[in-house]
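Chemist: Need the 3D shape of this:
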Amino acid sequence: MTRLYGSLRMRRALVLWCGVIPIVAVAVLTVTRPGALARLENAIYDVMLRDTPARQPGGRVVIVDIDEHSLATVGQWPWRRDVIGRLIERLRGLGAAVVALDIIFAEPDRDSAGSGQDPDAALASALAPGGAILGYGVRFDSAVRKPTNCVLHPTGAAVLMPEEDTGHPPLFEATGAVCSLPALARSAGASGFLNAAPDPDGILRRAPLLVQYNGQVYPSLALASVSAVLGHRDLALRVHNANSASLSFGDRVVPVDGRGNVLLRYRGRKQTFPYLSAADVLDGRVAAVDVRDKIVLVGTTALGTREVVATPLDTLFVGVEVQATAVDNLLQQDVLARAAHATGVELALVLVLGPVVAGLLAWRGTLFALLGGVAGLAAVWFGILRQVSVDGAFISPLYPALGVFLPFAAMTLATVFAERQRADTASRERTTAQELMVQSLLSLTATRDGETGRHSLRTQQYTGLLAAQLARNPAFRAYLTPERISLLSSLAPLHDIGKVGIPDQILNKPGALTPDEMVQMRTHPTLGRDVILKAECQVGVRDDATLAMAKDIVYTHHERWDGTGYPQGLRGTAIPIEGRVLAVVDVYDALVARSLYKACRSHDEAVTFIAGGRGTHFDPDVVDAFLAVAPEFKRLSDSGVNGTGRTLPPSVLSAPVR
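Modeler: Numbers count the residues shown, from 1 in each chain. Reported below is the predicted structural model:
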């Protein structure tokens, strides 16, 4: 009992440790946040955004689209610069608060040479009154800054660093720029960069608001547009740590990450914002109410001119709508951000949910642990969705999920392993008990009759050999599995256990038995079966496969294929396979090794006798299998398995088995 209790305690300790170790590992991962899990974390973030109800645009952003209709009306892209200038003037006349161009005019207009009118000058003239912001691109392709004649417009942003060193600069450092013509930039008086790079998995989730170039800080097109509308030129970037910062302008505070990126809160799939065709604006078919006091973003969506990106909500999102999303996020002050104490909350969830699931699994079982883990994660998921929807602050459910899943998986595997070990131990103990039972019964048989005991032991190897060969026959393959063959071989020695109930004067009588003695001798299969039945009743065992096979061996090994055997007179396939196999083995050993009743015969004589009984005494398939392995039977017989140690004398052919 003490040994059993100790074993159970060790198994429970193993299972618990398999829960504790993953919890500690996940806690470490929660704090260190390895890059290897970034892709998975981003994928879960995307699912979270798709499950969160999207907010509608605030109504202060409109997109003027150079679309297919515009190209069909005005002509192919790029348009003459004076046409762009006329578009800007139309929008200004309709009362647009700001006109932001998601277009770069990097080279002189192709129609300038030989023309009486300078299109670039016309565009510069349209930009000069103000209210227009040009876009440009910054480059990060080299550590060496390249000289450029770009006219860019920095912002007077103050960067406030924490006392402790974060280990990296707070903003991306640009090495160059791709910009519009200097004359155009000077006329506009304001500009912003267009860059917004996707994450390594190709999904655009964030956009930078500020970059650093040549020692100065420059705003994005979205930030420049909002600053112009709100009248806030001075900005302050306060860096909290390597992963978190905040951008202040006026009374607004925008949370950004450690490199000045803002997490975009997309309003839905593409074309969520109102779109106006540029051709309609030029032709005067747009009402002032559609543009007045709004930030107007001018971009191209016509096929062949547009730039598309993938977002968490859409795979074909045009670049100008990315800028519109950033502008609307800043105006409504509802950008997404990682919660201020997200790491602490995630760590707390790991250290609460993990042990709860581990405890449920250890003391209440897998089902309770699974239900508890699912309920806990569901509560976390819906809590995160609510927080994102209301406050725009999120925490990652990845690490709490790992804190539940990994301990559950490890403990489940450990439980299965422990149960397998227990089952193997029980199987070994059961096998040992079976062997002990067989040996005990054989010892009892040997005590009553030494020759019968030796005969029983010899049948064990013969039975295994014959059954293995018979298993090659398709008709027997499904039944004679390796496990059944092993069990049949181990139980074969019990076939004559019933002879312990036969009187000595009959059991040890040399020569032929009288008819009355033969009747009494033929009761030994029934006596053997009754011994096993009585043991079953006393122990309370029911439907045990081992004992069922033992009863078939004991009770049917003297049945004959033609129905003339005993004790039941079974015929053909009504005889259990075990009985058919033991019938051949019993006769072979009695012929070549048992000298009590008749003089022993040679191996060849025994083979001839068994072959002659094919279809009458023996199952034809079993005889065929015997003939295939007969040489192996002889080898076993000659090696001394018969226990006689002497040459077997010839004798006449007659039935030898009692």
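
Chemist: What ranges does the stretch 351-500 of the chain have for its helices?
Modeler: Under the criterion DSSP state H, counting those that start in this stretch, helices of the stretch 351-500 of the chain are mapped to 366-391, 398-448, 450-470, 474-477, 482-491.

Chemist: Those helices: lowest mean pLDDT?
Modeler: Lowest mean pLDDT within the helices of the stretch 351-500 of the chain: helix 398-448, a mean of 76.

Chemist: so where's the stretch 451-600 of the chain shaky on pLDDT?
Modeler: 451-457, 539-541, 543, 594-599 (pLDDT under 70).

Chemist: re earlier: winner for burial among the helices of the stretch 351-500 of the chain?
Modeler: Of those, the one with the most neighbours on average (mean count of other Cβ atoms under 10 Å) is helix 450-470, at a mean of 22. (Each C-beta comes from the backbone N, C-alpha and C, glycine too.)

Chemist: What separation is there between R428 and F417?
Modeler: Computed with Cβ to Cβ, to the nearest Å, the distance linking R428 and F417 is 16 Å.

Chemist: Output the host helix or strand of A590 as CSV, restricted to C-alpha atoms.
Modeler: Per DSSP states H and E, A590 falls inside helix 577-593. Only the C-alpha atoms of helix 577-593 are listed here, as CSV (Å, rounded to 0.1, in the frame of the first residue of the first chain):
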residue,chain,number,x,y,z
ILE,A,577,-8.7,-22.1,-33.2
GLU,A,578,-6.8,-22.7,-30.0
GLY,A,579,-8.1,-26.2,-29.7
ARG,A,580,-7.3,-27.0,-33.4
VAL,A,581,-3.7,-25.8,-32.9
LEU,A,582,-3.2,-27.8,-29.6
ALA,A,583,-4.7,-30.9,-31.2
VAL,A,584,-1.7,-31.1,-33.6
VAL,A,585,0.9,-30.1,-31.0
ASP,A,586,-0.4,-32.5,-28.5
VAL,A,587,-0.4,-35.5,-30.9
TYR,A,588,3.1,-34.6,-32.2
ASP,A,589,4.7,-34.4,-28.8
ALA,A,590,2.9,-37.6,-27.6
LEU,A,591,4.2,-39.4,-30.7
VAL,A,592,7.9,-38.4,-30.5
ALA,A,593,8.4,-37.9,-26.7
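
Chemist: So which residues of the stretch 1-150 of the chain form helices?
Modeler: Going by DSSP H, counting those that start in this stretch, the stretch 1-150 of the chain shows helices at 2-32, 38-51, 68-74, 81-93, 119-127.

Chemist: got a markdown table for these, with mean neighbour count, distance to N214 and mean pLDDT too?
Modeler: Converted to a markdown table, these look like this (neighbours: other Cβ atoms under 10 Å; distance: least, Cβ to Cβ, whole Å; pLDDT from 0 to 100):
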| stretch | mean neighbour count | distance to N214 | mean pLDDT |
| --- | --- | --- | --- |
| helix 2-32 | 15 | 35 | 76 |
| helix 38-51 | 16 | 31 | 92 |
| helix 68-74 | 16 | 37 | 94 |
| helix 81-93 | 21 | 28 | 95 |
| helix 119-127 | 22 | 24 | 93 |
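
Chemist: so which of the ones you listed gets nearest R635?
Modeler: Comparison of the helices of the stretch 1-150 of the chain against R635 by Cβ to Cβ identifies helix 2-32 as nearest, at 43.9 Å.

Chemist: Please state the offset of stretch 391-402 from the chain centre?
Modeler: Once both centres are worked out by Cα atoms, centre = their mean, to the nearest Å, stretch 391-402 turns out to sit 20 Å from its chain's centre.

Chemist: Need the residues that contact that stretch.
Modeler: By Cβ atoms under 8 Å, 6 or more residues apart in numbering, the list of residues contacting stretch 391-402 from outside reads 26, 29-30, 37, 40-41, 44-45, 48, 265, 334-340, 342, 345-347, 349-350, 353, 376-377, 380-381, 384, 387-388.

Chemist: The same query, at a cut-off of 6 Å, please.
Modeler: 26, 30, 41, 44, 334, 336-337, 339, 342, 345-346, 349-350, 353, 377, 380-381, 384, 387-388 (Cβ atoms under 6 Å, 6 or more residues apart in numbering).

Chemist: How about stretch 379-389?
Modeler: Counting by Cβ under 6 Å, 6+ apart, D51, T52, P53, A393, F394, P397, P400 sit against stretch 379-389.

Chemist: Put the alpha carbons of that stretch into PDB.
Modeler: Coordinates of each C-alpha in stretch 379-389 appear next as PDB, following Å, rounded to 0.1, in the frame of the first residue of the first chain:
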ATOM      1  CA  ALA A 379     -13.400  36.200 -20.700                       C
ATOM      2  CA  VAL A 380     -10.000  37.700 -21.500                       C
ATOM      3  CA  TRP A 381     -10.800  37.900 -25.200                       C
ATOM      4  CA  PHE A 382     -14.100  39.700 -24.700                       C
ATOM      5  CA  GLY A 383     -12.500  42.000 -22.100                       C
ATOM      6  CA  ILE A 384      -9.800  43.000 -24.600                       C
ATOM      7  CA  LEU A 385     -12.400  43.600 -27.400                       C
ATOM      8  CA  ARG A 386     -14.400  45.800 -25.100                       C
ATOM      9  CA  GLN A 387     -11.300  47.800 -24.000                       C
ATOM     10  CA  VAL A 388     -10.200  48.300 -27.600                       C
ATOM     11  CA  SER A 389     -13.700  49.400 -28.700                       C
END
